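[1] Give me the fold of what follows.
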Amino acid sequence: MNRQEKEAMVDELHEKLERSKATILTDYRGLKVTEITELRYKLKEAGIEYRVVKNSLTRLALRGTAASVLEEHLIGPNALALCYDDELTPAKVLLEYAKGNDKLEVKAGVLAGRLMLQEDMKKVVTLPSKEVMQAQLLGIMTSLPSKLLAVMNAVPSEFVGVLAAAPRDLLGVLKAIEQKGTPES
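    The predicted structure is shown next:
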């Protein structure tokens, strides 16, 4: 590959890294060609691009992007998974594949602009989907006004209950005094 081809490849990868919502760095050493093909198929099915690029070219492409924090993890043979739609899908697909094949190592990734190591990604992918979390939040927000109203109504109604009971209690005390009589001095 000549210099112009390398520059074109770096420019193309740089543009893809800038557009990517999620970038995950993997070590694919030890995977057979059939396993890599299977992984590529699963990733492509999920709308994820999987590229093997030399580390020196990747370093150049990472400069000035949110994924530049991955540079310190560029050791050994690496492949990049790039997703332009969803932040969590690549991590879910790669971690699921790595469960069944311990040769694939998910090193690190940039999800939603944050560097995440494999342990962090495992925690994040167990969270409910964005839509589920939005529905839960909406449920909480719609129940708050009725709960607030119930609390606000409870105070005056308790107060009215106390006021209503007070005359009866006062009458009871007065009757007790009347029956007992006034003490003689």
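[2] Check the burial of the spatially closest residue to S68 that is not a sequence neighbour by counting its neighbours.
    What sits nearest to S68 in space, not counting adjacent residues and going by CB to CB, 6 or more residues apart in numbering, is L62, at 4.6 Å. In short, each C-beta sits where N, CA and C put it, glycine included. As a burial measure, L62 scores 22 neighbours (other CB atoms under 10 Å).
[3] likewise the one 5 residues further on?
    The burial metric for A67, expressed as a neighbour count using other CB under 10 Å, is 27.
[4] Surely it and K21 touch.
    No - the pair A67 / K21 is not scored as a contact, 10.7 Å apart, by CB atoms under 8 Å.
[5] how far does stretch 54-62 sit from the chain's center?
    Offset of stretch 54-62 from its chain centre (CA atoms, centre = their mean, to the nearest Å): 28 Å.
[6] what does it rub up against?
    Contact partners of stretch 54-62, identified using CB atoms under 8 Å, 6 or more residues apart in numbering, comprise 6, 9-11, 13-14, 17, 53, 68, 70-71, 74-75, 78, 80.
[7] could you dump it to PDB, C-alpha only?
    C-alpha atoms of stretch 54-62 as PDB (Å, rounded to 0.1, in the frame of the first residue of the first chain):
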ATOM      1  CA  LYS A  54      -3.000  -1.500  11.400                       C
ATOM      2  CA  ASN A  55      -2.300   0.100  14.700                       C
ATOM      3  CA  SER A  56      -0.100   2.900  13.200                       C
ATOM      4  CA  LEU A  57      -2.900   3.900  10.900                       C
ATOM      5  CA  THR A  58      -5.500   3.600  13.600                       C
ATOM      6  CA  ARG A  59      -3.500   5.900  15.800                       C
ATOM      7  CA  LEU A  60      -3.400   8.600  13.100                       C
ATOM      8  CA  ALA A  61      -7.200   8.200  12.500                       C
ATOM      9  CA  LEU A  62      -8.000   8.400  16.200                       C
END
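[8] Show me which residues of that stretch are buried.
    L57, T58, L60, A61, L62 (16 or more other CB atoms under 10 Å).
[9] picking up where we left off before, would you list the buried entries among the contacts of stretch 54-62?
    The neighbour-count test (16+ other CB under 10 Å) applied to the contacts of stretch 54-62 identifies M9, V10, L13, H14, L17, V53, L70, L74, N78, L80 as buried.
[10] Now, those residues that are in helices?
    Counting by DSSP state H, those place M9, V10, L13, H14, L17 in helices.
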